[in-house]
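K.L.:
Provided below for reference: sequence and predicted model.
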Amino acid sequence: MNEVCDSEAPVLDAPALARLAGLMRARDTLAASFEATRHRLARRHGAASLEPWAQGVLALVEVNAGASALLAFWRASLELSGRLSPAALGETGLAAAALCREAGGQAACAALDGFVAIAPRLAGEGERAAFWRALLALAQAAPDCVESVATQAHRLVLPGHVADFEGFIAAGLKAAGRDSARRRAFFALEDTLALALLARIGAGPGFAELESELSRVLAALWGTAPPLQPLPPAASEAPRRVNIAGPVLRLPEVFPGVEGEGARHLYRAAALHAGAHLHFGNPRFPVRKFRPVQIALAGLIEDARIEALAMARYPGLRRLWGRYHIATPDDGPTLACLLARLARGLFDPGYADPDALVGKAQALFAAARDRLDDPAISLDIGTRLANDIGQRRLRFDARGHVVEPAYRDDGLGLWDFSDIDPEVSDEVQLLVEAARIERREGEDGPPDVAPSRAPAGRARERAAGETVPVIATYPEWDAQAGIERPDWTSVRALAPAPVDSRPLQRALERAGPARARIARLVKAAKIGRAVRLKRQPDGHELDLDAVIEAAIARRAGDVPNLNVFRSTALTQRDLAVLVLIDMSQSTRAKLASGASVLDVEKLAVAMLGEALAALGDAFALLAFASNGRDDVRLCEVKGFAEPYDAAALARLAGLSSGLSTRLGAGLRHAGAEIARVRAFRKLILVLTDGEPSDIDTPAPDLLQDARRVVLQLRAQGIDTSGITLDPAGVGAAPAIFGKANAMPVRRVEDLPLRLSELYFRLARR
Amino acid sequence: MPSATSPAAFPSRVPDLSAYRIAVEPYYRPVGDEIAVFEAAWRHRLPVMLKGPTGCGKTRFVEHMAWRLGRPLITVAAHEDMTAADLAGRFLLSPEGTVWHDGPLTQAVRHGALCYLDEIVEARQDTTVVIHPLTDARRILPLEKRNEQVAAHDDFQLVISYNPGYQSAVKDLKESTKQRFIAIAFDYPAPELEAEIVRREAGADAALARILVAIAACSRNLRGQGLDEGASTRMLIHAGRLAAGGVSLEAAVEAAIVLPITDDADVRRALGAAIAACLP
Ligand SMILES: Nc1ncnc2c1ncn2[C@@H]1O[C@H](COP(=O)(O)OP(=O)(O)OP(=O)(O)O)[C@@H](O)[C@H]1O
Ligand SMILES: [Mg+2]
């Protein structure tokens, strides 16, 4: 830096350039490059305009950026000279210098090289500034990460999406916090969140935005909507395809690089293609001795088969899929390109290809026209084509195989890999890996209603009885002794353990019909019940009968009653409800669907919660379980004063099963909570799967106690109703809640709808 | 001419029900054995309940049956504010004093018409109970205000319609009302049949009718998934008329089906995609 200060050269019109020229003459390693760059820039832009550029160079010199950074800047200047003015180049130099001050010369060098790669994607000064601003922010917080981001700039900055780049950096800094190892992994794109964000850059809308629409389109065309799941992006840059796992469709979270209507269209095409697979027989061919190329070809024919069937029923699908069949012989000589043309030829019988294989495939497929409903033709034709390919010694790249066009699924769903012959298993494994689907446990089973992911170290397990504070003690009725024992039970507050609520959200979406019905109930209830008032002194219309009576009275010489109008008034809702959720061990039981009883309870509560929030009724959600009289645990999912928001849903999703059901204590606590709320009517709804029980007291006694609490609450003006899962229909619910207030549910799956219906029935009284 | 069976002093002006007679056969394409069931019910004058979604042919069926049986048809559309007097009748003022005026139900009861109460659930339950004594063995209509019991004409028959889709915990028929009726279930006809109906009623060609029926099937798959009801036969006929009249098929479907059934942009997009798949 001192060399700069010493050599002030007073040149009036171009002081920086003059000073720079002086400086450079002294640096023999750089002098030649500098001169060459300056010369070429001057030729393009005129020598007189180079001053701002020189200021950029000087700035780099001033921060001791080092020779390689200067060279990088000159390289960039020449590369971009056709695109950027000397002024814009100067800005670039200033920005690189600022970066260098924070992160060093090497980072500045990498940033300049990265900038060259992406500059054509940046529109105007604003976007260029945004790019450098983002890098500078990164340099200030995590100088060690600038280089890796700069070298990946071509993946992170897409045309029109520089804001996503800024967002990516901000998200990485936030996610990693002080964890420098995590930060490095994130910015080296080795972190799952980073990959997910990377995939979103310049893409969208994605699965999350389109899921409900896709599910509806599938339902509309194929009668039922299969469960949809998102498929996170793979670590490599290879594109993702839809995966069919049993009855479940797994769609990429995003199709990278596809935006707007294009993305919507591609998702539709993909979902309906996969839906057609499920609809027109989703065979499971045993892999046995099949080689990857056979598997790929059979899949290709099967795709054509199900699409032909689908288009016979819905001709418009040809337009939907047709726009992706654009492969031509000019795409390249590889087998992958030939396969794409094969797909095109089968899709469009009018397509003619110079390669005889396409014609042959078309002929074979046309000959099988009358047997299209038989999946065996796919194996048959696929095998014959695969043999031709083998004879022509075309190499099939199992490891790099990606199904084309992009809307088609990876084809793996067609195969049963369980009886694979050892002779081919390694090769086939490559094909499976190429799709980068992580095989998950229980994949072939039916999907959970709302899989309760139980991360290690849940609040529940940590909360050993003693460490959780007692928040209340309650009496309990000892039926045998016939006395109420004061302060017999201790209630402890169990901290909620919120989890990702998306599975629950998805279960809600799947419960479409029941939800729609509840929405109707909400609508009806919201309007309030109109009560018609007859014979009113004023109103919006005449009460005909009253008018006539008045007229008759007048003629008869009597005094007419002039209350001859009708009007309506809306009944006011003034109601508070507390839902008490049983989360005892028995709710862990799995149903045929794979979901647990507690999962269904959660879904039921989530549906009711939605309705209550829409109605604006005051409500609270409380879950309970017990482990002896000293350890009755109450978990507040939502208090009366709290909003029913994403956090509440996450707390609901986070409930987990365990321990026993001391209902009386739970009810007393619920009663105490709701007693504090001001409302004209107060309701407690208990959601349980059976009879009260606990480790230290006989069940019949607990039942008696619960009954007693219900009666006491009623005396206080609090109505208690029980909705109990009771497949056998023998439950104790009527004995506890009274016959009119017990609603046993035989089929657990009915619970969500029944709970809401019960609420609406009660709320009307 | 129908004869009054009521012995009560009856106004000399016997209302002429000829306006309620149906002269020309209303086109009705039977879907199952509904005509036979209705005729059997008619022989015993049992009240009939037609259950089914909107626009599937219930009204048309009653018209057809009235024509077939040669009876006048009096139709009342029930609504929330309907009172028993709206059905049975009331005193009106005239220069000579007060005059009793029969309501539509009473007219049908006296003179032997088919009375069709459309969308009966809409009426309040206290209104609905006036039909109770008419629909059991008594077959009478008490007119409290007039202090008269009208015994039903031999040819009187009551028909009600009821759309279970709307049924909710809020609105439903009383059990004691439901249990008085012979029920005939209606639903949208099978595709070929529905296409035939659409073709005839809309003056559309067979291909167009088939496309419209396929679109309807898609929309009906969305029942409960964003739509309360799928597209009805009536909607298809409307769309078919527009298209047969020169409106482009897309526009006709949009105007006659998509826009009327949903306000939700998401559902509209999904329905739009399904429709695009159905269009050639
Ligand atoms: N089986 C059928 N034969 C002839 N036409 C039919 C038939 N089914 C439906 N339609 C046609 O559908 C139209 C609608 O039917 P209609 O008015 O009878 O419906 P609805 O069931 O009474 O409906 P809503 O409950 O809304 O009153 C009719 O005008 C008629 O054109
Ligand atoms: Mg009708």
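P.N.:
On my side now, so go ahead. Residues are numbered from 1 along each chain as shown, chains lettered A, B, ... in the order given. Ligands and ions are numbered 1, 2, ... in the order given.
K.L.:
Please enumerate residues in contact with the helix or strand hosting A:Gly722?
P.N.:
Using DSSP states H and E, A:Gly722 falls within strand A:718-725. The contact list for strand A:718-725 (C-beta atoms under 8 Å, 6 or more residues apart in numbering or on different chains) reads A:597, A:667, A:671, A:674-675, A:681-690, A:709-710, A:713-714, A:731, A:733, A:736-737, A:741-745, A:748, A:751, A:754-755, A:758, A:762. Heads up, the C-betas are built off the backbone N, CA and C, glycines and all.
K.L.:
Now, of these, which are buried?
P.N.:
A:597, A:667, A:671, A:674, A:681-690, A:709-710, A:713, A:731, A:733, A:736-737, A:741-745, A:748, A:751, A:754-755, A:758, A:762 (16 or more other C-beta atoms under 10 Å in any protein chain shown).
K.L.:
and the contacts of strand A:718-725, which of them are in strands?
P.N.:
Judged by DSSP state E, the subset of the contacts of strand A:718-725 located in strands is A:Arg681, A:Lys682, A:Leu683, A:Ile684, A:Leu685, A:Val686, A:Leu687, A:Thr688, A:Ala742, A:Met743, A:Pro744, A:Val745.
K.L.:
Sketch out the strands for the stretch 451-600 of chain A, chain order is fine.
P.N.:
Using DSSP state E, counting those that start in this stretch, the strands of the stretch 451-600 of chain A run over residues A:470-478, A:483-493, A:530-536, A:541-542, A:565-570, A:575-582.
K.L.:
pLDDT on the fifth one, on average?
P.N.:
Throughout strand A:565-570, pLDDT has a mean value of 74.
K.L.:
Up against chain A, what does the stretch 151-280 of chain B have?
P.N.:
Residues of the stretch 151-280 of chain B found near chain A (C-beta under 8 Å from any C-beta of the partner chain) are B:168-171, B:214, B:218-219, B:221-226, B:228, B:266-267, B:269-271, B:273-280.
K.L.:
got any ranges where the stretch 101-250 of chain B has weak pLDDT?
P.N.:
Applying pLDDT under 70 to the stretch 101-250 of chain B flags residues B:165-172.
K.L.:
again, 50 this time
P.N.:
Within the stretch 101-250 of chain B, the segments meeting pLDDT under 50 span B:166-170.
K.L.:
again with the stretch 1-150 of chain A
P.N.:
A:1-11.
K.L.:
Show me where it has its strands.
P.N.:
Counting by DSSP E, counting those that start in this stretch, the stretch 1-150 of chain A contains no strands.
K.L.:
Would you map the helices across it?
P.N.:
Applying DSSP state H, counting those that start in this stretch to the stretch 1-150 of chain A gives helices spanning A:2-6, A:15-25, A:28-45, A:51-62, A:67-79, A:86-103, A:105-118, A:124-141, A:146-151.
K.L.:
can you list those in a markdown table and add distance to ligand 1?
P.N.:
Formatted as a markdown table, those follow (distance: least, C-beta to the nearest ligand atom, whole Å):
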| stretch | distance to ligand 1 |
| --- | --- |
| helix A:2-6 | 88 |
| helix A:15-25 | 83 |
| helix A:28-45 | 76 |
| helix A:51-62 | 75 |
| helix A:67-79 | 71 |
| helix A:86-103 | 68 |
| helix A:105-118 | 61 |
| helix A:124-141 | 57 |
| helix A:146-151 | 63 |
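K.L.:
so which of those helices gets nearest chain B?
P.N.:
Within the helices of the stretch 1-150 of chain A, the stretch nearest chain B is helix A:124-141; the backing value is 31.5 Å (C-beta to the nearest C-beta).
K.L.:
Which secondary structure elements does that closest one sit against?
P.N.:
Here helix A:124-141 touches helix A:86-103, helix A:105-118, helix A:146-151, helix A:162-176, going by 3 or more C-beta pairs under 8 Å, 6 or more residues apart in numbering or on different chains; DSSP states H and E.
K.L.:
Give me the contacts around it.
P.N.:
Helix A:124-141 is contacted from outside by A:88, A:91-92, A:95-96, A:98-99, A:102-103, A:107, A:111, A:115, A:118-119, A:122, A:145-146, A:149-150, A:157, A:162-163, A:165-166, A:169-170, A:173, A:187, using C-beta under 8 Å, 6+ apart.
K.L.:
And chain A, is whatever helix or strand B:Thr127 lives in touching that?
P.N.:
Assigned by DSSP H and E, B:Thr127 belongs to helix B:125-128. No - interface with chain A: helix B:125-128 contributes nothing (C-beta under 8 Å from any C-beta), its closest point being 10.4 Å away.
K.L.:
Which residue comes closest to A:Leu649 once chain neighbours are left out?
P.N.:
A:Ser501 (4.3 Å; C-beta to C-beta, 6 or more residues apart in numbering or on different chains).
K.L.:
Could you count how many residues lie near A:His279?
P.N.:
19 (other C-beta atoms under 10 Å in any protein chain shown).
K.L.:
Quick check: it vs chain B, distance?
P.N.:
A:His279 sits at a distance of 12 Å from chain B (criterion: C-beta to the nearest C-beta, to the nearest Å).
K.L.:
what's that residue in contact with, if anything?
P.N.:
Neighbours of A:His279 in contact, by C-beta under 8 Å, 6+ apart: A:Trp222, A:Gly223, A:Ile306, A:Ala310.
K.L.:
Now do the helices in chain B.
P.N.:
Applying DSSP state H to chain B gives helices spanning B:34-43, B:58-69, B:84-88, B:104-111, B:125-128, B:175-178, B:191-202, B:206-221, B:233-244, B:249-253, B:259-261, B:265-278.
K.L.:
Nearest to A:Tyr407 among these would be which one?
P.N.:
Proximity to A:Tyr407 (C-beta to C-beta) singles out helix B:265-278 among these, at 13.5 Å.
K.L.:
what angle sits between that closest one and helix B:206-221?
P.N.:
With axes from the mean of the first three to the mean of the last three C-alpha atoms, to 10 degrees defining the directions, helix B:265-278 sits at 150 degrees from helix B:206-221.
K.L.:
which parts of helix B:265-278 are buried?
P.N.:
For helix B:265-278, burial by neighbour count (16+ other C-beta under 10 Å) applies to B:Val267, B:Arg268, B:Arg269, B:Ala270, B:Leu271, B:Gly272, B:Ala273, B:Ala274, B:Ile275, B:Ala276, B:Ala277, B:Cys278.
K.L.:
Mark out where each domain of chain A begins and ends.
P.N.:
Domain assignment for chain A, taken from automatic domain parsing, gives A:2-200, A:207-434, A:502-524+A:574-763, A:530-570.
K.L.:
what's the most buried one of those domains?
P.N.:
Mean neighbours per residue, mean count of other C-beta atoms under 10 Å in any protein chain shown, is largest over the domains of chain A for domain A:502-524+A:574-763, with a mean of 20.
K.L.:
coming back round to it: next, count neighbours for the residue nearest to A:Leu649.
P.N.:
By the measure other C-beta under 10 Å, the count of residues near A:Ser501 is 21.
K.L.:
List the residues that contact B:Gly97.
P.N.:
Taking C-beta under 8 Å, 6+ apart, we find B:Gly97 in contact with A:Arg555.
K.L.:
Any idea which residue of the stretch 101-250 of chain B lies closest to chain A?
P.N.:
Closest point on the stretch 101-250 of chain B to chain A, by C-beta to the nearest C-beta, is B:Gly224, at 3.1 Å.
K.L.:
My guess is that residue contacts A:Ala516. True?
P.N.:
Yes - if you go by C-beta atoms under 8 Å, B:Gly224 and A:Ala516 touch, sitting 5.0 Å apart.
K.L.:
Ok, which of the helices of the stretch 1-150 of chain A comes nearest A:Arg369?
P.N.:
helix A:105-118 (50.7 Å).
K.L.:
on contacts alone, who are the packing partners of the closest one?
P.N.:
Helix A:105-118 packs on helix A:67-79, helix A:86-103, helix A:124-141, helix A:146-151, helix A:153-156, going by 3+ C-beta pairs under 8 Å, 6+ apart.
K.L.:
Could you give the average pLDDT over the shortest one?
P.N.:
Rounded to a whole number, the mean pLDDT of helix A:153-156 is 88.
K.L.:
quick one: furthest residue from the center of the chain?
P.N.:
No chain in the question, so chain A it is. Using C-alpha atoms, centre = their mean, the residue of chain A lying farthest from its centre is A:Gly557. It sits 77.1 Å away.
K.L.:
Correction: the question concerned chain B.
P.N.:
B:Glu96 (38.2 Å).
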